[in-house]
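Undergrad: Predicted model and sequence follow; I will ask about them next.
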Amino acid sequence: MKEVFYQIIKYFFYYTARFYFKRVKVYGLNNIPRDGGILFSPNHQGALLDPLLVGSNISRSVTSLTRSDVFGGPFQWFMDALRMLPVYRIRNGYANLKKNDNIFEKCRKILGKGECIMMFSEASHHNEYFLQRLSKGSSRLALEAQIEFPDSNISIIPVGINYGHHQIAWSDLHLVYGKPIRVKNFINNNNSIAENINCLRENLEKKMKECLWLPDKNDQYYEKKKMIAPKNTKLEFDELKEGIKNGSLKSEGLAGKFFAKNTRLLKTLIFLFSIPNFLPLLLIKNIISKFKDIVFYSSVKICLGPIIFPLWWLCVGYLTYFIYGENLDFLEYLVLVESLMLFSLYIRQYLLLFKK
């Protein structure tokens, strides 16, 4: 039952993401080995959204490591079905840290059996484009699994999740799977285990940066960050990354410049296109306000949106049919109303991308 649920959620989220984002561009799927244990190592800028994006775009099933405070209670069955395992940190109490030993032992066995793990090497999520310094956890796990199961061919796949905007729907997404790092190549008997782990971590950090638009935080970071704009994120990954690197891209197109000078008009248009969907937008905004960490905003939107908006559209279509559409075919009227509601929502989201 849990495996069926996992597959349903996987495919549901795959198609949901194609509605949530304007464009989803996936690169490097051919880099993923068809067999052997794999540790996927993505950057972490989207909370629960990140593992769902990475896992739903690959054919193999993936077990994900995530923060322990989302486990337990009525959601435990769902976390198990989604193949998620808890990781305990100091903030969860020193007594709980010992529980990680059993979790990592389970992960080593998963890799040794030729299955897949996902672990966020940055250790914590954040709301910027640069890559934080990696912890040693993922490199240690992969190396220890390879030593424990020497006949296995374990690889680490660096993954870059590049959001056109971290909180606003209808932005672009570039998902980049890098070339596999063969863990066996980092077992050097002349070095200590700690030295081998550091060597693997440094290589992983380098390869992960190759999968990101803007991987480094330096003096030019905030200026280059402005280049991650709607007119630029429609470019192919390599073209966009190179343009940001050499500073050849403009931060705003004609639409961006126009709305920068006409902010009152922009706000008015956003308000007008919000009216048809005011109730679900208000409901989602109210739910989001309960989360102190803004990194969770997109995760909440993409989970609730596919449920709340269609229900609202059905209610509006059904109620207005008896007022305006009695002489029309019900299904044709319903399709017309829902199309208009969806169109207004997409226009609203597009306009929000220009709001400073």
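TA: Sure thing, it's come through. Numbering: from 1, shown residues only.

Undergrad: Distance from the chain centre to the helix or strand hosting V4, please.
TA: Element membership of V4, judged by DSSP states H and E, is helix 2-20. Here helix 2-20 is found 14 Å from its chain centre; the criterion is C-alpha atoms, centre = their mean, to the nearest Å.

Undergrad: so what does it touch, helix or strand wise?
TA: helix 49-56, helix 76-81, helix 297-324 (3 or more C-beta pairs under 8 Å, 6 or more residues apart in numbering; DSSP states H and E). The way it works is simple: take the backbone N, C-alpha and C, and place the C-beta from them, glycine included.

Undergrad: Report the angle between the last one and helix 2-20.
TA: In terms of direction (axes from the mean of the first three to the mean of the last three C-alpha atoms, to 10 degrees), helix 297-324 departs from helix 2-20 by 70 degrees.

Undergrad: Show me which parts of helix 297-324 are buried, residue by residue.
TA: For helix 297-324, a neighbour-count test (16 or more other C-beta atoms under 10 Å) marks 297-302, 305-306, 308-309, 312-313, 316-317 as buried.

Undergrad: show me where pLDDT drops low in the stretch 251-356 of the chain?
TA: The model of the stretch 251-356 of the chain has pLDDT under 70 over residues 325-326, 356.

Undergrad: any chance of the helices and strands packed on helix 2-20 in TSV, with distance to H126 too?
TA: Listed next are these as TSV, based on distance: least, C-beta to C-beta, whole Å:
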stretch	distance to H126
helix 49-56	11
helix 76-81	23
helix 297-324	13
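
Undergrad: in the stretch 101-250 of the chain, which spans are strands?
TA: For the stretch 101-250 of the chain, applying DSSP state E, counting those that start in this stretch gives strands covering 116-118, 155-163, 172-177, 181-182.

Undergrad: Determine which of the ones you listed approaches Y324 most closely.
TA: Across those, Y324 has its closest neighbour in strand 172-177 (36.7 Å, C-beta to C-beta).

Undergrad: Chain neighbours aside, what residue packs nearest to K106?
TA: Residue nearest to K106 in three dimensions, not counting chain neighbours: L85, with 6.8 Å by C-beta to C-beta, 6 or more residues apart in numbering.

Undergrad: Got phi/psi on that neighbour?
TA: Dihedral pair for L85: phi -120, psi 140, per degrees, to the nearest 10.

Undergrad: what's around it, how many residues?
TA: Using other C-beta atoms under 10 Å, L85 has 22 other residues around it.

Undergrad: correct me, but it touches T66?
TA: Yes. At 7.4 Å, L85 counts as touching T66 under the criterion of C-beta atoms under 8 Å.

Undergrad: I am finished for the moment; much appreciated.
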